[in-house]
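Visitor: Following is a predicted model, sequence given first.
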2 protein chains.
Amino acid sequence: MARRTISHEGGAIYEFTPDLEAIETVESGTELTIETRDSLDGAVQFDDDVIENVPDEVNAATGPIAVDDAEPGDVLAVQIEAIRLAEDRGRVVTIDEFGLLDGFDEIEAPRTRTTPVVDGDEPLEDAESAIRFGDLEVPVDPVIGTIGVAPAGDSYTTLVPHDHGGNLDTTDVTAGNTVYFPVFQDGAMLAMGDCKAAMADGEMCGTGAEIATEIDVTLEVIDDPATAIERPLIETADAWKTVASAQTLEEACQLANFDLIELLSAAHGFDPTEAYMFSSLVGGLEISQVVDPLVTARNAIPKTYLSTPF
Amino acid sequence: MARRTISHEGGAIYEFTPDLEAIETVESGTELTIETRDSLDGAVQFDDDVIENVPDEVNAATGPIAVDDAEPGDVLAVQIEAIRLAEDRGRVVTIDEFGLLDGFDEIEAPRTRTTPVVDGDEPLEDAESAIRFGDLEVPVDPVIGTIGVAPAGDSYTTLVPHDHGGNLDTTDVTAGNTVYFPVFQDGAMLAMGDCKAAMADGEMCGTGAEIATEIDVTLEVIDDPATAIERPLIETADAWKTVASAQTLEEACQLANFDLIELLSAAHGFDPTEAYMFSSLVGGLEISQVVDPLVTARNAIPKTYLSTPF
C-alpha cells in the first residue's frame, strides 16, 4: 500500500483540546508521511529576522489525524521511521523572557542564528548531512519537538507539554524509536510538528535548529493494552523511557520515576519500594527540556530489564 | 614507582572544610590506590539492618591527601584508572525523609536490600561481574559518590555537593574518566569515598549499591591553567561535562550551562549568546542526583567541539 501523505496545508493546530476535529482518518497500521512547518511558521529566514516575543501561535502541529477504532483506554503507537529535512536551513533563536538563562545579563535576546544544511565534503561520522553554526558543523539528527493526542480534559497550546504529549522537546522522539500515547478521546487525534535538525537535551536557549520536515510514521492502535499508561512512553533500540512534564524538574522526575516503578513492578513482581530501589541502580533520569511552560524529564530502563509492557 | 596505598584506616573525613589537615602528602604525578569504606560504615550487612535516619556521619571520605605545590587557582586532575570492589555485597536502602519519592504513600522507609556480588556463569556483556537484586543481575559499573577538595570558605559535610565536589553522586565519576577540581587551598586536600557497585543517573531512592572499594588514581596539579574553573569538570572518553550543584535542578542546570558557555566561548570565540545557542544543539543537560541536600546536574559537550581547556 502506498504511503499516504498528510500535508501541513491540509490543517495544523496550535492547541491540543479534548474535542479536536480530524483533518484525516486512517486505519490502524497505516503508513503516513506527515509534512510539518517549522515552529516559527517561516517567520525567520535570515539572521536579522528576530522574534521579539513568543508568538501566540507557535509549533504548528500537522493534523489532527484520527485513527479508526482508537478509544479511551487504548494506546496509540507512533513508530517513527524517518525524518527528512524539507528546507535548506534551520534557525536557532533567543527570545526575551524565554530560555534557561533568561535574565542573565550576558545573554542577548532576541537574537537569531540560521543554520544552513550542508553536505560536507568530509561528512561527519554517521551523519548524511550536517548543519553549520558559524565555523562548526553539527550532524543532522532530527527531533520532533511537538507531538501529541487530544487530551482528557484541559486544553494545552502547542507550546506546552503534558500527559497528552504536546511540546515534549525530547531528543528520543526521533527516527528509529516508537512513542506510545494514552488514548483519551475517540480516534486519538494525533498531531505533530516543531521539528529540529538537531537539538541538545535541555534545549537551553529555547530552540534547537527549527526546520520544516517530512516524517514517515506508522500508526498502530493497541487495543486493550496489558498495561495502562497515563503519559507518553518511548521505546528506543535498547531502552524504555517514561516521559513526564511538570512545573519543576523535581516534580517531572518524580512522575517519570513513579511511572517506571509501576512498569518494573508489573514486570518483576516487585513491590513499589523494591522497584524504586532497583530503578536507582540502572538507567536513570534524563532531561528533555527545561524551557517550556512545563518542563520535561524521562526515566530510562535498559530493555534487559523490561520487555514490552503491552 | 610502586603505586602507594592510602588506607581508610589512616584517616577519613565527614566534612570538607577550608582548613583540612592532610593524612598524606604526595607529589604531583603520584599513582595512588585509595581504600574506601562503604557510605554507611559497615552498619548494613543484611536485609534486616535498616537505617532509620540519615546518620550524622555518612560518606566517609578517605583522606585528605595533600598534593605538593597545589595552590589556589590551580586545577587538580584526578585520573581514575580503576575501581575494584572490596567486599562481597553492596546495599541499597531507603531512609525516611530522604529520596526522590520521600512522602509517597507507596514507598516504604526504612528498607534495605543487600546486593551480593556474583561472577555469573553467563556474565553480562562487558561486565566482569554483576550484583544481584532479587532474581535480576546488574553489571558492576562502580561510581565514586563523594570526591572533593577543601572548599574556599564555607564547610560542607560529606552529604552535600558543592563547588568543591563532595557528594556529587555522578555516574561519570568512574574508571576511565578524569575529574578536574578547582584548587581553593594549599595542597588541594583531596578526599573520596561513598562508592557504589552500580548507580542510576538520579540515585532516586537515595543510594546506589553502596560498597567498599579500592580506587586507583593518578593526581596531577595543573599549574597556572589556561582556563580557570569554579566547579568540577569531568573528561570522559568522548565528552567534557561541567558539573554544578544547587538548591533546585533548574539552578544546577543554569550553572552547568553557564560554565559550558564560558568554555565554548573561550574555545571558539563565541560571545555568550552564540555559545548558549550552540549548547542547545549538541550534547546537553544530564542529571547526576536528585536526592542530596543540594542536587547536581551536568552539561555535556562532545570533544569534537571542545579540546582540553587547560
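Guide: Cool, the structure landed. Residues are numbered from 1 along each chain as shown, chains lettered A, B, ... in the order given.

Visitor: per-residue confidence at A:S129?
Guide: With respect to pLDDT, A:S129 scores 88.

Visitor: Would you mind measuring from A:S265 to B:A2?
Guide: 50 Å (CB to CB, to the nearest Å). The C-beta positions use only the backbone N, C-alpha and C, and glycine is treated the same way.

Visitor: and if you look at A:T308?
Guide: Distance from A:T308 to B:A2, by CB to CB: 53 Å.

Visitor: for chain A, what are the low-confidence residue spans?
Guide: Within chain A, the segments meeting pLDDT under 70 span A:1, A:120-128.

Visitor: A:E250 should be in a helix, yeah?
Guide: Yes: counting by DSSP: H, G, I helix; E, B strand; the rest coil, A:E250 is part of a helix.

Visitor: what's it in contact with, if anything?
Guide: B:100, B:248-249, B:290, B:295 (CB atoms under 8 Å, 6 or more residues apart in numbering or on different chains).

Visitor: Buried subset of these as a PyMOL selection?
Guide: Buried residues among the contacts of A:E250 (16 or more other CB atoms under 10 Å in any protein chain shown), as a PyMOL selection:
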select buried, chain B and resi 100+249+290+295
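
Visitor: farthest pair in the contacts of A:E250?
Guide: B:L100 and B:T248 (13.4 Å; CB to CB).

Visitor: backbone phi and psi for A:V26, please?
Guide: phi -130, psi 160 (degrees, to the nearest 10).

Visitor: so it makes contact with A:I65?
Guide: Yes: with contact defined as CB atoms under 8 Å, A:V26 reaches A:I65; the gap is 6.2 Å.

Visitor: what do the two both touch?
Guide: Counting by CB under 8 Å, 6+ apart, the shared contacts of A:V26 and A:I65 are A:32, A:219.

Visitor: Who has more neighbours out of these two?
Guide: Taking other CB atoms under 10 Å in any protein chain shown, A:V26 and A:I65 do not tie; A:I65 has more neighbours (28 against 18).

Visitor: Checking that one next. Helix, strand or coil?
Guide: strand.

Visitor: if I look at it, how far off is chain B?
Guide: 30 Å (CB to the nearest CB, to the nearest Å).

Visitor: show me what contacts the residue of the stretch 101-250 of chain A found nearest chain B?
Guide: Across the stretch 101-250 of chain A, no residue is closer to chain B than A:D201, which sits at 2.9 Å (CB to the nearest CB). A:D201 makes contact with A:171, A:286-288, B:283-286, according to CB under 8 Å, 6+ apart.

Visitor: Counting only strands, which of these make the cut?
Guide: Of those, the ones assigned to strands by DSSP state E are A:286-288, B:284-286.

Visitor: Can you list the buried residues in stretch A:293-310?
Guide: Neighbour-count burial for stretch A:293-310 flags A:294-301, A:304-306, A:309-310 (criterion: 16+ other CB under 10 Å).

Visitor: How about stretch A:129-139?
Guide: A:130-133, A:136-139.

Visitor: do stretch A:55-70 as well
Guide: So for stretch A:55-70, counting by 16+ other CB under 10 Å, buried means A:58-67, A:70.

Visitor: farthest pair in those residues?
Guide: Maximum distance among the buried residues of stretch A:55-70 (CB to CB): 27.1 Å, for A:V58 and A:A70.

Visitor: In space, what's closest to A:D48 - neighbours in sequence excluded?
Guide: The spatially closest residue to A:D48, leaving aside those adjacent along the chain, is A:T112, at 7.2 Å (CB to CB, 6 or more residues apart in numbering or on different chains).

Visitor: Then A:T36?
Guide: A:T36 sits nearest to A:G193 (CB to CB, 6+ apart), 4.1 Å away.

Visitor: who does the host helix or strand of A:L76 touch, helix- and strand-wise?
Guide: For A:L76, the host element (DSSP states H and E) is strand A:75-85. Here strand A:75-85 touches strand A:143-148, strand A:178-182, strand A:190-196, strand A:213-222, going by 3 or more CB pairs under 8 Å, 6 or more residues apart in numbering or on different chains; DSSP states H and E.

Visitor: So which of the buried residues of stretch A:293-310 is the closest to chain B?
Guide: Distances from chain B to the buried residues of stretch A:293-310, taken as CB to the nearest CB, are shortest for A:Y305 (6.5 Å).
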